[in-house]
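sharing a model that was predicted from the sequence below.
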Number of protein chains: 2
Amino acid sequence: MTTTIRLSWRDVRDEIHEAILSGRYGPGDRLPRDADIAQDLNCARSTVQRAMQDLSDSGLVERRRKGGTRVRSEPVTRATLDIPITRREVEQKGGRYGHQLIRRSTTDAPRSVMATFELTEPHPMLRVEALHLSDGRPYILEDRWISLETVPEVSGVDLTTQSANEWLVLNRPYNRCDLRFYAISANSRVADLLQIETGAALFVVERTTWIDKAPITTVQAITTPGYQLLTRS
Amino acid sequence: MTTTIRLSWRDVRDEIHEAILSGRYGPGDRLPRDADIAQDLNCARSTVQRAMQDLSDSGLVERRRKGGTRVRSEPVTRATLDIPITRREVEQKGGRYGHQLIRRSTTDAPRSVMATFELTEPHPMLRVEALHLSDGRPYILEDRWISLETVPEVSGVDLTTQSANEWLVLNRPYNRCDLRFYAISANSRVADLLQIETGAALFVVERTTWIDKAPITTVQAITTPGYQLLTRS
DNA sequence: TGACAAAATAAGTAACTACATAATATCATT
DNA sequence: AATGATATTATGTAGTTACTTATTTTGTCA
């Protein structure tokens, strides 16, 4: 009597993954069809489908209807990042969170902001500059633009009590989010606000969010020296 | 006669998402059980399950057996990054790719590298410093450590023809990958190699890969001024 | 009351079926 | 040989059933 070991889709995935790693299938090669693999491994096609979906999500494999499944010829490193609310981030690192509203003004979006949102018409916005603090020391300096067309009610919110970052995340969920990472040199104003040397290398995260096609907010978050962003484990 | 509209799991996902966005369910609230939602929306539980899985993946919702599904109380921005082979990246931007091997040596892992790999024993490694070029101009400077225990055959590879980056990606797939982003100031050596001013702010990507528990490689990739990393659209 | 066993619950997984859809291949027609 | 209709094919999606597993609740006994 044969012992029927029930394969989970993870087992199947690992099996296929292993077959690719070991070189049995090289970049660009076509894998057998799901149904055949299912028969080989003695499981249902849906299990193979699930496994393949995962491999496809992680960028190892590409699937096309009728075309079948093939190993990606130009492999990519695919990683997932979690970016928490700044308050949460500070608290998780064991710091005491605080924040300061530096400036708040209402103007039309400048060209740079119009460009990030792909806007062609003038667009009224609330600009908020704020400093996030950890244990009373500067942690992140944010320069934020909020669409007054999409989020008119923000005008009435007291952004000294709750940061714009937190208010938006809790009250204005988004549909689409673009992130951009780069480095800048601290100019005198930034250096002054962050209490660091002018010219220091700073890591910057720019985040732009939309709901459907409507712009919500774009923010440039300038971190303090030594800041590191890690992929989630 | 009732027209039976077949709901896709995406529809269900959007429906639930919408319910959360509109405030019907707030942060921390528990959602109805899958089976009830299925009945409400007149679809199968498996469809709801799929939808919920997606919402859970994207960080909007948390699920626990028996505990049910609840809206994350501390929402996170979750994003996916694709990091291609450097050659591919240069070519995609329309540049002509080139690379130079700067230095190649064999030593035991220094403490910093042992730390990234969580090693306690001395570990023989190949250290490779190389410069990636776009149209003949410096693009990325990489300082790489390769485990000679996990990847002994790299000793015999000519890393002037093919970059270590490319050889590894094509020949040594990994299981686990940690990424780390930060900014540094160019010291005189880096500035010299990248042909930029000393003190320029540079964006750095550090990548460490393993196969199962075995270390493969860790690399510090120092980009040139103006470099930006974007989330995949 | 406290500790531990048993029941209940809600999500997780797998199989199987049926049909949808995208992409390709084939073949007839001009 | 070019064109366009049609068949074929492999993945994608939905439904249903059955069972698993983690977790909490409940209940019993000491």
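Done, it's in. Residues are numbered from 1 along each chain as shown, chains lettered A, B, ... in the order given.

show me the shaky parts of chain A.
Chain A contains residues with pLDDT under 70 at A:1-6, A:233.

can you list the domains in chain A?
As recorded under automatic domain parsing, the domains making up chain A are A:9-71, A:86-223.

looking at chain A, which residue is nearest DNA strand C?
Closest residue of chain A to DNA strand C, C-beta to the nearest atom of the strand: A:S8 (2.0 Å). C-betas here are computed from N, CA, C, even on glycine.

residue contacts, A:D82?
For A:D82, the contact set (C-beta atoms under 8 Å, 6 or more residues apart in numbering or on different chains) comprises A:232, B:59, B:76-78.

repeat that for 7 Å
By C-beta atoms under 7 Å, 6 or more residues apart in numbering or on different chains, the residues touching A:D82 are A:232, B:59, B:76, B:78.

kindly report the same for A:P173.
B:L21.

please repeat the previous calculation with a cut-off of 8 Å.
Taking C-beta under 8 Å, 6+ apart as the test, what A:P173 contacts is A:211, B:20-21, B:60, B:75.

take these and keep only those in helices.
Under the assignment DSSP state H, these contribute B:20-21 to helices.

near DNA strand D, which residues of chain A?
When proximity is defined as C-beta under 7 Å from any atom of the strand, chain A approaches DNA strand D at A:31, A:33-35, A:46, A:49, A:52-53, A:56, A:63-69.

now the buried members of these.
By neighbour count, with 16 or more other C-beta atoms under 10 Å in any protein chain shown, these hold A:31, A:34, A:49, A:52, A:69 as buried.

in JSON lines, list the residues you listed along with distance to chain B and secondary structure.
JSON lines is the format used below for these (distance: C-beta to the nearest C-beta, whole Å; DSSP: H, G, I helix; E, B strand; the rest coil):
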{"residue": "A:L31", "distance to chain B": "15", "secondary structure": "coil"}
{"residue": "A:D34", "distance to chain B": "18", "secondary structure": "helix"}
{"residue": "A:Q49", "distance to chain B": "12", "secondary structure": "helix"}
{"residue": "A:M52", "distance to chain B": "15", "secondary structure": "helix"}
{"residue": "A:T69", "distance to chain B": "16", "secondary structure": "strand"}
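
tabulate the residues you listed (JSON lines), appending distance to A:E142.
Output for these, formatted as JSON lines (distance: C-beta to C-beta, whole Å):
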{"residue": "A:L31", "distance to A:E142": "46"}
{"residue": "A:D34", "distance to A:E142": "47"}
{"residue": "A:Q49", "distance to A:E142": "43"}
{"residue": "A:M52", "distance to A:E142": "41"}
{"residue": "A:T69", "distance to A:E142": "44"}
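
buried subset of the contacts of A:D82 as a PyMOL selection?
This is the PyMOL syntax for the buried subset of the contacts of A:D82, where burial follows 16+ other C-beta under 10 Å:
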select buried, chain B and resi 59+76
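
tell me which of the contacts of A:D82 fall in strands.
Members of those lying in strands (criterion: DSSP state E): B:76, B:78.

mind putting the contacts of A:D82 in CSV, distance to DNA strand C included?
Formatted as CSV, those follow (distance: C-beta to the nearest atom of the strand, whole Å):
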residue, distance to DNA strand C
A:R232, 18
B:G59, 14
B:V76, 18
B:R78, 17
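
quick one on the thing from earlier: for chain B, see how far away the residue of chain A closest to DNA strand C is.
From A:S8 across to chain B, the span is 15 Å (C-beta to the nearest C-beta, to the nearest Å).

please tell me I have it right and A:V154 contacts A:W145.
No - in this structure, A:V154 is not within contact of A:W145 by C-beta atoms under 8 Å, at 11.1 Å.

who has more neighbours out of the two?
Set A:V154 next to A:W145 and count neighbours by other C-beta atoms under 10 Å in any protein chain shown: A:W145 wins out with 25 against 21.

can you list the strands that the helix or strand harbouring the more buried one pairs with?
According to DSSP states H and E, A:W145 maps onto strand A:137-147. According to DSSP bridges, strand A:137-147 forms sheet pairs with strand A:124-134 (antiparallel), strand A:214-223 (antiparallel).

gap between the two ends of stretch A:131-145?
By C-alpha to C-alpha, to the nearest Å, the extent of stretch A:131-145 from end to end equals 15 Å.

what of stretch A:23-34?
For stretch A:23-34, the separation between the terminal residues is 19 Å (C-alpha to C-alpha).

likewise for stretch A:207-222?
11 Å.

about what we covered before: SS state for the nearest residue to the residue of chain A closest to DNA strand C once chain neighbours are set aside?
Spatial nearest neighbour of A:S8, chain neighbours left out: A:T47 (7.5 Å); criterion: C-beta to C-beta, 6 or more residues apart in numbering or on different chains. Applying DSSP: H, G, I helix; E, B strand; the rest coil to A:T47 yields a three-state assignment of helix.

how about the one 4 residues further on?
Here A:A51 takes the helix state, with states given by three-state DSSP.

that one contacts A:A19, correct?
No - using C-beta under 8 Å, A:A51 is not in contact with A:A19, being 11.5 Å away.

more neighbours, these two?
A:A51 (27 against 14).

circling back: among the residues of chain A next to DNA strand D, which pair sits farthest apart?
A:S46 and A:G67 (20.0 Å; C-beta to C-beta).

quick one: A:D57 and B:Q53, what's the gap?
12 Å (C-beta to C-beta, to the nearest Å).

kindly report the same for A:A38.
21 Å.

run the chain-centre distance for stretch A:36-54.
From the chain centre to the centre of stretch A:36-54 is a distance of 31 Å (C-alpha atoms, centre = their mean, to the nearest Å).

for it, buried residues please.
So for stretch A:36-54, counting by 16+ other C-beta under 10 Å, buried means A:37-38, A:41, A:43, A:47-52, A:54.

repeat that for stretch A:165-181.
So for stretch A:165-181, counting by 16+ other C-beta under 10 Å, buried means A:165-169, A:172-174, A:178-181.

pipe these into JSON lines and attach distance to B:I140 and secondary structure per row.
Listed next are the buried residues of stretch A:165-181 as JSON lines, based on distance: C-beta to C-beta, whole Å; DSSP: H, G, I helix; E, B strand; the rest coil:
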{"residue": "A:N165", "distance to B:I140": "32", "secondary structure": "helix"}
{"residue": "A:E166", "distance to B:I140": "36", "secondary structure": "helix"}
{"residue": "A:W167", "distance to B:I140": "39", "secondary structure": "helix"}
{"residue": "A:L168", "distance to B:I140": "35", "secondary structure": "helix"}
{"residue": "A:V169", "distance to B:I140": "34", "secondary structure": "helix"}
{"residue": "A:R172", "distance to B:I140": "37", "secondary structure": "coil"}
{"residue": "A:P173", "distance to B:I140": "36", "secondary structure": "coil"}
{"residue": "A:Y174", "distance to B:I140": "32", "secondary structure": "coil"}
{"residue": "A:D178", "distance to B:I140": "23", "secondary structure": "strand"}
{"residue": "A:L179", "distance to B:I140": "20", "secondary structure": "strand"}
{"residue": "A:R180", "distance to B:I140": "18", "secondary structure": "strand"}
{"residue": "A:F181", "distance to B:I140": "15", "secondary structure": "strand"}
